[in-house]
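*Asks:* Quick one, fold the following:
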Amino acid sequence: MSTTSVTHSRSVEQVVTGRSTSDGAGVKLTRVLTHDLQRRLDPFLMLDALPAIRACWRTAACSG
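*Replies:* Here you go, the predicted structure:
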């Protein structure tokens with residue numbers, strides 16, 4: 001089995017600012033791909049920044 005890597009240069013099309021929100025058990029996060037943007041960027045399902053999750057990602061009581 002052989003693999004071939006192909007590299008193409010692309011320019012940035014759009015810079016998106018995330019929105020602060022909470023999800024699940026109240027975990028604070030920054031949602032980058034909003035519902036409207038997700039429809040245009042399929043197949044991405046979710047791209048969130050979770051800075052508080054490092055310390056408490058296994059507990060439902062985590063509130064950031």
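
*Asks:* neighbouring strands for the helix or strand hosting residue 28, and are they parallel or not?
*Replies:* Using DSSP states H and E, residue 28 maps to strand 27-31. Here strand 27-31 is paired, per DSSP bridges, with strand 19-23 (antiparallel), strand 48-49 (antiparallel).

*Asks:* Can you flag the weakest of the ones you listed by average pLDDT?
*Replies:* Least confident of these, judged by mean pLDDT, is strand 48-49 with a mean of 62.

*Asks:* okay, now residue 8: neighbour count?
*Replies:* Around residue 8 there are 4 other residues, counting by other Cβ atoms under 10 Å. Quick note: C-beta positions are derived from backbone N, CA and C, even for glycine.

*Asks:* how would you label it: helix, strand or coil?
*Replies:* Assigned state for residue 8: coil (three-state reduction, DSSP: H, G, I helix; E, B strand; the rest coil).

*Asks:* same question, residue 25
*Replies:* Residue 25 carries the three-state label coil when classified by three-state DSSP.

*Asks:* pLDDT score assigned to it?
*Replies:* pLDDT recorded at residue 25 is 76.

*Asks:* OK, contacts around residue 34?
*Replies:* Contact partners of residue 34, counting by Cβ atoms under 8 Å, 6 or more residues apart in numbering, are residue 19.

*Asks:* mind checking how far it is from residue 26?
*Replies:* Counting by Cβ to Cβ, to the nearest Å, the gap from residue 34 to residue 26 is 20 Å.

*Asks:* so which of the strands paired with strand 27-31 is the most packed in?
*Replies:* Highest mean neighbour count among those (mean count of other Cβ atoms under 10 Å): strand 48-49, with a mean of 14.

*Asks:* Thank you, goodbye.
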